[in-house]
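Participant: kindly generate the corresponding structure for this input.
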Amino acid sequence: MSCENRRIAIDCPCTYLSCSRHGCCCECVEYHRRSGELPGCYFTKETERDYDRSIEHYLRTSRGMS
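Facilitator: So this is what the prediction gives:
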(Lines give C-alpha, C1' and ligand atoms only; values in the text may rest on other atoms or scores of the structure.)
Protein backbone atom coordinates (compact mmCIF):
# COMPACT_ATOMS: atom_id res chain seq x y z
CA MET A 1 0.00 0.00 0.00
CA SER A 2 1.26 3.44 -0.83
CA CYS A 3 0.11 6.59 0.86
CA GLU A 4 0.64 9.38 -1.64
CA ASN A 5 -0.61 11.98 0.81
CA ARG A 6 1.15 10.56 3.85
CA ARG A 7 0.19 12.64 6.84
CA ILE A 8 1.60 12.48 10.31
CA ALA A 9 -1.02 12.60 13.05
CA ILE A 10 0.48 14.94 15.62
CA ASP A 11 -2.19 14.00 18.14
CA CYS A 12 -1.88 10.21 17.62
CA PRO A 13 -3.37 8.63 20.77
CA CYS A 14 -1.31 5.44 20.60
CA THR A 15 0.94 5.06 23.64
CA TYR A 16 3.50 2.87 21.84
CA LEU A 17 5.76 5.79 20.98
CA SER A 18 8.71 3.73 19.74
CA CYS A 19 6.63 2.21 16.91
CA SER A 20 7.99 3.14 13.48
CA ARG A 21 4.39 3.69 12.31
CA HIS A 22 3.43 6.01 15.20
CA GLY A 23 1.42 8.89 13.76
CA CYS A 24 1.42 7.44 10.22
CA CYS A 25 -2.21 6.41 10.08
CA CYS A 26 -2.33 4.61 6.73
CA GLU A 27 0.79 2.58 7.55
CA CYS A 28 -0.57 1.75 11.00
CA VAL A 29 -3.98 0.66 9.71
CA GLU A 30 -2.36 -1.46 6.99
CA TYR A 31 -0.04 -3.16 9.49
CA HIS A 32 -2.78 -3.98 11.99
CA ARG A 33 -5.20 -5.09 9.27
CA ARG A 34 -2.63 -7.61 7.97
CA SER A 35 -2.27 -8.86 11.55
CA GLY A 36 -6.05 -9.19 12.05
CA GLU A 37 -5.98 -6.40 14.62
CA LEU A 38 -7.16 -2.84 15.11
CA PRO A 39 -4.92 0.20 15.64
CA GLY A 40 -4.60 1.62 19.14
CA CYS A 41 -6.67 4.68 18.21
CA TYR A 42 -9.81 2.50 18.09
CA PHE A 43 -9.55 1.90 21.84
CA THR A 44 -10.13 4.10 24.85
CA LYS A 45 -7.03 5.49 26.52
CA GLU A 46 -7.33 2.93 29.33
CA THR A 47 -7.86 -0.15 27.15
CA GLU A 48 -5.30 0.94 24.56
CA ARG A 49 -2.56 0.66 27.18
CA ASP A 50 -3.18 -3.12 27.38
CA TYR A 51 -1.51 -3.40 23.94
CA ASP A 52 -4.10 -6.06 23.07
CA ARG A 53 -5.13 -4.96 19.58
CA SER A 54 -7.40 -7.92 18.88
CA ILE A 55 -10.88 -7.35 17.53
CA GLU A 56 -12.20 -9.54 20.35
CA HIS A 57 -10.59 -7.24 22.94
CA TYR A 58 -12.14 -4.24 21.23
CA LEU A 59 -15.60 -5.81 21.27
CA ARG A 60 -15.21 -6.88 24.90
CA THR A 61 -14.07 -3.49 26.13
CA SER A 62 -16.29 -1.26 23.99
CA ARG A 63 -19.61 -2.78 25.02
CA GLY A 64 -21.95 -0.27 26.53
CA MET A 65 -20.06 2.63 25.00
CA SER A 66 -22.03 4.99 22.79
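Participant: what residues sit buried inside the helix ranked longest in the chain?
Facilitator: Counting by DSSP state H, the longest helix found in the chain is helix 25-34. Applying a neighbour-count criterion of 16 or more other CB atoms under 10 Å, one finds 25, 27-32 buried in helix 25-34. For every residue, glycine as well, the C-beta is placed using N, CA and C.
Participant: and the next helix or strand past it?
Facilitator: Counting by DSSP states H and E, the next helix or strand C-terminal to helix 25-34 is helix 45-48.
Participant: other residues contacting that next one?
Facilitator: In this structure, residues lying in contact with helix 45-48 by CB atoms under 8 Å, 6 or more residues apart in numbering are 13-15, 40-41, 57-58, 61-62.
Participant: so which bits of it are buried?
Facilitator: Within helix 45-48, the residues that count as buried by 16+ other CB under 10 Å are 47-48.
Participant: could you do stretch 36-52 as well?
Facilitator: Buried residues in stretch 36-52, counting neighbours by 16+ other CB under 10 Å, are found at 37-40, 42-43, 47-48.
Participant: of those, just say which sits nearest to Cys19.
Facilitator: Using CB to CB, Gly40 comes nearest to Cys19 of these, at 8.9 Å.
Participant: ignoring the adjacent residues along the chain, who's closest to that closest one?
Facilitator: Leaving aside its chain neighbours, Gly40 sits nearest to Cys14 (3.7 Å; criterion: CB to CB, 6 or more residues apart in numbering).
Participant: Tyr42 is in contact with the one you found, correct?
Facilitator: No. Assessed by CB atoms under 8 Å, Cys14 is found out of contact with Tyr42, at 10.1 Å.
Participant: read off the pLDDT value for Ser2.
Facilitator: According to the prediction, Ser2 has pLDDT 57.
Participant: ok, Cys12 - how many residues close by?
Facilitator: Counted with other CB atoms under 10 Å, residues neighbouring Cys12 total 19.
Participant: shouldn't it be within a helix?
Facilitator: No. Cys12 is assigned coil when assessed by DSSP: H, G, I helix; E, B strand; the rest coil, not a helix.
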